[in-house]
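Enquirer: predicted coordinates and the sequence they were generated for:
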Amino acid sequence: MGPGRSSLGRLGRWGLRSTALIYLGAFIALPVIAVVTKGFGGGLVALRDAFAQPGAGAAIRLTVEMAVATAVVNGVFGTLLAYVLVRFRFPGRGALTAVVDLPFAVPTLVTGVMLVALYGPHSPVGGFLERRGIHVIFAQPGILLALLFVTLPLVVRTVEPVLLELDVSEEEAARVLGANGWATFRRVVLPALRPAIAAGMLLTFARALGEFGAIIVVSGNLTGRTLTAPVFIFQLTSQFRSADAAAVATLLFGLSFVLVIATERLMHRRKDVR
């Protein structure tokens, strides 16, 4: 290889790296810097006042509570679903695999409309529940259902590759030694899946923190009861209170960033163990 071709190769690699960094900076870093700068623009006193306004604390608390519940529920059932899809062969498995990815393709506003159609007070299911005092739409159960739908694929698709890499012979050996299905899963499969499950749950939590489209349809946005932080930010923006909106947005971004870093560490730890 001549010196000219080597120089062109280095120039090409430099150009690719520069293009990637410019793209990342323009579409990710700059907006983040802008909102954080705006959030801290008035100093710590203004930041404190933004969180002290009516409804802010309740909205943040409800958002975190719903995100935790979503991560736990989808952590359990997402892992179960991933195990079924990887370890079993049955009619309709391909269709079920496609259904798991459906929340990625469906706009979140459409998710909200679907839940209202199913659980709204004028629907057969919703009316049946309403007559028994169980309120789903415009109540916290509706928020949880929306978040469960939107985030379902995250745990499944995080756990699935790890299951595919596990040596099935260890499970077969456990069964030969007399372990039943649950004992085999708990003692052989689950320990290997824990980092992936934790990573999927962290991603689920981070995604649930920022969900807006489905929530604004199903929650009713009642201050202190069903108003979540992303919808609260939208209300502040609609009232031209951009500094307050940026302050709350900065908090959500900070939480999400920490969770993403924790997820990356978990996934790298799994690779190091392998």
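Expert: Cool, the structure landed. Numbers count the residues shown, from 1 in each chain.

Enquirer: isn't Leu203 up against Leu154?
Expert: Yes. Judged on Cβ atoms under 8 Å, Leu203 makes contact with Leu154 at a distance of 4.7 Å. For every residue, glycine as well, the C-beta is placed using N, CA and C.

Enquirer: more neighbours: which of these two?
Expert: Applying other Cβ atoms under 10 Å to Leu203 and Leu154 shows that Leu154 carries more neighbours, namely 26 against 23.

Enquirer: C-terminal to the host helix or strand of that one, what's the next element?
Expert: Here Leu154, judged by DSSP states H and E, is contained in helix 140-165. Following helix 140-165 in sequence order, the next helix or strand is helix 168-176 (DSSP H and E).

Enquirer: need the residues that contact that following helix.
Expert: The contact list for helix 168-176 (Cβ atoms under 8 Å, 6 or more residues apart in numbering) reads 181, 183-184, 187-189.

Enquirer: how about Leu148, what does it touch?
Expert: By Cβ under 8 Å, 6+ apart, the neighbours of Leu148 are 70, 73-74.

Enquirer: gap between it and Val84?
Expert: 17 Å (Cβ to Cβ, to the nearest Å).

Enquirer: likewise Leu236?
Expert: Taken as Cβ to Cβ, the span from Leu236 to Val84 is 43 Å.

Enquirer: one more: Ile28?
Expert: With distances taken as Cβ to Cβ, Ile28 is found 36 Å from Val84.

Enquirer: same question for Val73.
Expert: Per Cβ to Cβ, Val73 is found 17 Å from Val84.

Enquirer: and if you look at Leu96?
Expert: Noted for Leu96: a distance of 8 Å to Val84, by Cβ to Cβ.

Enquirer: returning to that earlier point: of Val73 and Val84, who's got more company?
Expert: The neighbour count for Val73 versus Val84, taken as other Cβ under 10 Å, is higher for Val73 (18 against 13).

Enquirer: now for the more buried one: which residues touch it?
Expert: For Val73, the contact set (Cβ under 8 Å, 6+ apart) comprises 144, 148.

Enquirer: buried sites along the helix or strand that contains it?
Expert: Counting by DSSP H and E, the element that carries Val73 is helix 56-87. In terms of neighbour count (16 or more other Cβ atoms under 10 Å), helix 56-87 has its buried residues at 56, 58-60, 62-64, 66-67, 69-71, 73-75, 78-79, 81-83, 85-86.

Enquirer: what angle sits between that helix and helix 140-165?
Expert: Relative orientation of helix 56-87 and helix 140-165, computed by axes from the mean of the first three to the mean of the last three Cα atoms, to 10 degrees: 40 degrees.

Enquirer: tell me which residues in the very next helix or strand once past helix 56-87 are buried?
Expert: Later in the chain than helix 56-87, the nearest helix or strand by DSSP H and E is helix 93-100. Buried residues in helix 93-100, counted by 16+ other Cβ under 10 Å: Val100.
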